[in-house]
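> Kindly generate the corresponding structure for this input.
(2 chains)
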Amino acid sequence: MGEYLHPARPELTKGEAAVKELMSGNEAIARGADEYGVRLASAYPGTPSTEILENIGAKYPRIKAGWAPNEKVALEVAAGACYGGARSMAIMKHVGLNVAADPFMTLSYTGVNGGLVIVVCDDPEMHSSQNEQDTRNYAKFGKVPCVEPSDSQEAKDLLGEALQISEQFDTPVILRSSTRISHSMSLVETKERVEGPRELGLKKDPLKNVMLPAMARRRHPVVEQRLKDLAAFAETFRYNQIMMGDEALGIIAAGVAYQYAREAMPHASFLKLGMVWPLPEKLIRDFASRVKRLVVIEDLDPFIEEAVKLMGIPVEGKELTGLCGELSPEKVEIALTGKSSSVSIGGIDIELPMRPPNMCPGCPHRATFTALKKTKVYVAGDIGCYTLGALPPISTLDTCLCMGSGIGIAAGLDRVLGDLAKGKAVAVIGDSTFFHSGMTPLLDLAYNGGSTTVIILDNRTTAMTGAQQHPGTGYTLREEPTITADIEKLAESFGFKRIHTVNPYHVKELEQVIREELEADEPSVIISRAPCALLKTGRILPDTPLRIDRDVCKGCKACINTGCPALEFVKIEKPAEGEKRKGYSTINEALCVGCRTCFEVCKFEAIKEAQ
Amino acid sequence: MSGDRVYNVLIVGVGGQGIILASDVLGKVAARHGYDVKKNEIHGMAQRGGSVSSHVRFGKTVSSPIIKMGEADVLMSFEQIETLRYFPYLSRNGKVIVNDHKILPPAVFTGQQEYPPDVLSKIKEKVPDAVVLNAADVAAKVGNPRVVNVIFLGVLSTFLDIPSSVYEEVLKESLKPKLLEVNLKAFHEGRAIVAA
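You can find the predicted model right below:
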């Protein structure tokens, strides 16, 4: 049993820190891909993982890199590259691994050739996600190893370790990051690129790579033995380390939770894990025997805690830290000691209006929702900026389950409710989400029939994650021209007869088209197409502000209820004689880009072009 | 700021105000000066006009990338009520730098709720030496409305133990040459606010 009394990395001195580079975890993973000889990286954008492939695209031309339509494709492309001997990576957010779960589970059986790392970024607290699932469960489920960095330097280093483990044990490896690792910056030492060890080429190996039942049956015992070998490897893996301090309290932690615990309890003893699956049982027993109180500090599920309990070792964990939301230094301190040692200045007791995210001024989704709201339909939504259509004052989106779900949900409602839903429900889905996982449910709709109306909100980008290219934009990750997938032709080839393309800023026209299609007795597709208001290319917005004649404005709030941040309702505090209005609307000319959505809903001609 | 002490700066405001850029520069400045640095902010949904906070921590060795509640040495806020949202992060002896600027949240611009009154005086009651500035006015004086975040960095720099030459170096490396002069001017206008 090795004795790990020192951190793997010496403390920084003033002099050393100056030669290192400040990088986010995502930048460091991208840098690591270049340094450790990765030849191919594939991803679908998803917060907090997006910047990894963006950085690879922008900075490391030696790596073949591109946006995949979805995470399943990303992992399959990476699998092919690794079968060919290349070090490769697939990158996704936590829920992306659900999409890629099918290839993931069986890749565990085939193993790799060149190293394959699946980078998965969890989102404790759901800063930008629909659930709080814990990727470590997938490592256990798929019987593959999982490494977890606690800062940017480790994010880069552990990618290198993961590639090596992948090749040594013939297994895909998960590198689990989280929002607070991916989006935190810390100092990183950079190195030169080293190529992977495998020779590139087509290598036929059907017994290993064709997972027919007979072959898979031979691979399963290999997977089980591999897991045992990996558990033995974990005992001496240098990123699993004991750092003895005060023996009264021993903390087992990994990732950013380790940093919180270090911050809150600097004098405690630590077992810091760089590999969270499989776990090093001897090392854990050794640590447990040397401390009086043993606690696991981990975000999300009691993953390490339960494994330690299965070893028969008494340990505390989630009963102290809770299962929901993310940890923080003060939460960890309060969990362990009952109070925080920090002295806050305290709050100021004023009720604060919330500041939720909102669609931007000129957003084409606002125009589409303005038309939709008038029809008062049930809207089966999807994932993208337009999910914000659920928030007031728009409040016109009724479901958001997962990527690509809206079309299927609308179809299910239509089929089971019949006349109860006829003409009263639609699906909305963005362009990037449509290419991700909306094409197959659309095919279902054409195939199985019904009368569902699908509105594809085509804003020519993947907007929510910061404007990434996709197969419908005409450009690749590296802004090279490519094909532009044609949604109309796709729908036509599926057999749709009712296909309309509308400019959403023509709100009244769009409303009319929606009403007609709601009436129709067969499924239809409406493509509501206008580029995202933040895009500089292909711009159709005039970028000249409108203004409101406050004397003509009746204060009806029709414009205000579009929720545009460029509009403001000004209350009339001291009404003049005969004044019936409670207030009137104004336009902030610095924010208005002239989309005319408010103009379209004003019944009193109060809104005019700026002079 | 000496010994093993870690210094904590919390920068807050509304998506689109240049908060991330300001904290990037501060992080680089601290690293250039020889400190260990960690910084964190939330991207994603928060960008769409939502509330944004960026934590910057530097010292001999920094563990957590986020500031412990009650341990911010400086709370620098680009918008009035955002100061209040993050106020409990401030330590008892912490400094406040606040922009005399309101950005109306949806519930306010749609007329559902009032923007809270007297925010600045309530901050002053708690922190009498809070620096209140109208960054838009200063930016107009400098001649570019987009330098608000660098004006704030100038103000902040007077509270930190890092020479202004380090900020100038980092600004030189981070900005396009044609924007450098106006930003350096903005930085020094910010410093002058506290000196005055």
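
> Which residues does the top helix by length along chain B contact?
Across chain B, the longest stretch assigned as helix under DSSP state H is helix B:177-195. Contacts to helix B:177-195, defined as C-beta atoms under 8 Å, 6 or more residues apart in numbering or on different chains, come from residues B:131, B:133, B:138-139, B:141-144, B:147, B:150-159, B:164, B:167-168, B:171-172, B:175. Where you see a C-beta, it was placed from the backbone N, CA and C, and this is true even at glycine.

> Please, a PyMOL command that selects the buried ones among those residues?
The following PyMOL line selects those of the contacts of helix B:177-195 that are buried, judged by 16 or more other C-beta atoms under 10 Å in any protein chain shown:
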select buried, chain B and resi 131+133+138+139+142+147+150+151+152+153+154+155+156+157+158+159+167+168+171+175
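
> pLDDT below threshold where in chain B?
Residues of chain B meeting the criterion pLDDT under 70: B:1-3, B:43-47.

> any idea which strand is longest in chain A?
strand A:246-254 (DSSP state E).

> C-terminal to that one, what's the next element?
helix A:255-264 (DSSP states H and E).

> Okay, strands next: where are they in the stretch 401-550 of chain A?
Secondary structure of the stretch 401-550 of chain A by DSSP state E, counting those that start in this stretch: the strands cover A:425-430, A:453-458, A:498-502, A:524-529, A:546-548.

> List just the one of these that sits closest to chain B.
Closest to chain B of these, according to C-beta to the nearest C-beta: strand A:546-548, at 13.4 Å.

> The helix or strand just after the closest one packs against which elements?
Helices and strands here follow DSSP H and E; after strand A:546-548, the next one along the chain is strand A:567-571. Counting contacts by 3 or more C-beta pairs under 8 Å, 6 or more residues apart in numbering or on different chains; DSSP states H and E, strand A:567-571 packs against strand A:583-587, helix B:106-109.

> What are the buried residues along stretch A:570-589?
For stretch A:570-589, a neighbour-count test (16+ other C-beta under 10 Å) marks A:Gly583, A:Tyr584, A:Ser585, A:Thr586, A:Ile587 as buried.

> Restrict it to CA atoms and write it as CSV.
Extracted in CSV, the C-alpha atoms of stretch A:570-589 (Å, rounded to 0.1, in the frame of the first residue of the first chain):
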residue,chain,number,x,y,z
VAL,A,570,-44.9,53.7,-17.8
LYS,A,571,-47.5,54.2,-15.1
ILE,A,572,-49.4,57.5,-15.0
GLU,A,573,-49.0,58.5,-11.4
LYS,A,574,-51.1,61.7,-11.5
PRO,A,575,-53.6,61.4,-14.3
ALA,A,576,-54.8,64.6,-15.9
GLU,A,577,-58.5,65.3,-16.1
GLY,A,578,-60.2,62.9,-18.5
GLU,A,579,-57.2,60.5,-18.5
LYS,A,580,-58.6,57.0,-18.6
ARG,A,581,-55.3,55.2,-19.0
LYS,A,582,-53.3,53.7,-16.2
GLY,A,583,-50.2,54.1,-18.2
TYR,A,584,-48.6,53.9,-21.7
SER,A,585,-45.9,52.0,-23.5
THR,A,586,-42.5,53.3,-24.5
ILE,A,587,-39.7,51.8,-26.6
ASN,A,588,-36.1,51.9,-25.5
GLU,A,589,-34.4,52.9,-28.8
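
> quick one: average pLDDT of that stretch?
What stretch A:570-589 shows for mean pLDDT is 94.

> Also stretch A:403-415?
Rounded mean pLDDT across stretch A:403-415 is 97.

> quick one: contacts for B:Ala135?
B:Phe78, B:Asn99, B:Asp100, B:His101, B:Val148, B:Ile151, B:Phe152.

> ok, now how distant is the nearest residue to it once chain neighbours are set aside from B:Asp100?
Of all residues not flanking B:Ala135 in the chain, B:Val148 sits nearest, at 4.4 Å (C-beta to C-beta, 6 or more residues apart in numbering or on different chains). According to C-beta to C-beta, to the nearest Å, B:Val148 and B:Asp100 sit 12 Å apart.

> And these two? Which one has more around it.
More crowded of B:Val148 and B:Asp100, by other C-beta atoms under 10 Å in any protein chain shown: B:Val148, with 23 against 14.

> which one among the contacts of B:Ala135 gets closest to A:Gly555?
B:His101 (26.7 Å; C-beta to C-beta).

> isn't that closest one right up against B:Leu133?
No - B:His101 is beyond contact range of B:Leu133, at 9.3 Å (criterion: C-beta atoms under 8 Å).

> From what I see, A:Met89 and A:Gly114 are in contact.
No - using C-beta under 8 Å, A:Met89 makes no contact with A:Gly114, being 10.7 Å away.

> tally of neighbours for the nearest residue to A:Ala268 once chain neighbours are set aside?
Counting by C-beta to C-beta, 6+ apart, A:Ala268 lies nearest to A:Leu249, which is 4.3 Å off, once chain neighbours are set aside. Look at A:Leu249: counted by other C-beta under 10 Å, it has 19 neighbours.

> bridging residues for A:Leu249?
Note on A:Leu249: beta-bridge partners A:Arg293, judged by DSSP bridges.

> Return the residues in contact with it.
Contacts for A:Leu249 (C-beta under 8 Å, 6+ apart) come out as A:Met265, A:Ala268, A:Ser269, A:Val291, A:Lys292, A:Arg293, A:Val295, A:Leu336.

> try it again with 10 Å
Going by C-beta atoms under 10 Å, 6 or more residues apart in numbering or on different chains, A:Leu249 touches A:261, A:265, A:267-270, A:291-295, A:336-337.

> That one and A:Lys282: what is the separation?
Look at A:Leu249 and A:Lys282: by C-beta to C-beta, they are 21 Å apart.

> and what of A:Ile118?
From A:Ile118 to A:Lys282 the distance is 28 Å (C-beta to C-beta).

> B:Ser164 now?
In terms of C-beta to C-beta, B:Ser164 sits 54 Å off from A:Lys282.

> can you pull the pLDDT of the residue nearest to A:Ala268?
98.

> How about the one 10 residues further on?
At A:Gln259 the predicted local distance difference test score is 98.

> so it sits right up against B:Thr61, yeah?
No - the pair A:Gln259 / B:Thr61 is not scored as a contact, 11.1 Å apart, by C-beta atoms under 10 Å.

> if you count what's nearby, which of these two comes out ahead?
Taking other C-beta under 10 Å, A:Gln259 and B:Thr61 do not tie; A:Gln259 has more neighbours (26 against 16).

> Now do the contacts for that one.
By C-beta under 10 Å, 6+ apart, the contact set of A:Gln259 is A:150-151, A:180-181, A:184, A:186, A:253, A:272, A:327, A:329, A:332, B:38, B:62-66.

> List only buried entries from those.
Among those, those classed as buried by 16+ other C-beta under 10 Å are A:150-151, A:180-181, A:184, A:186, A:253, A:272, A:327, A:329, A:332, B:38, B:62-66.
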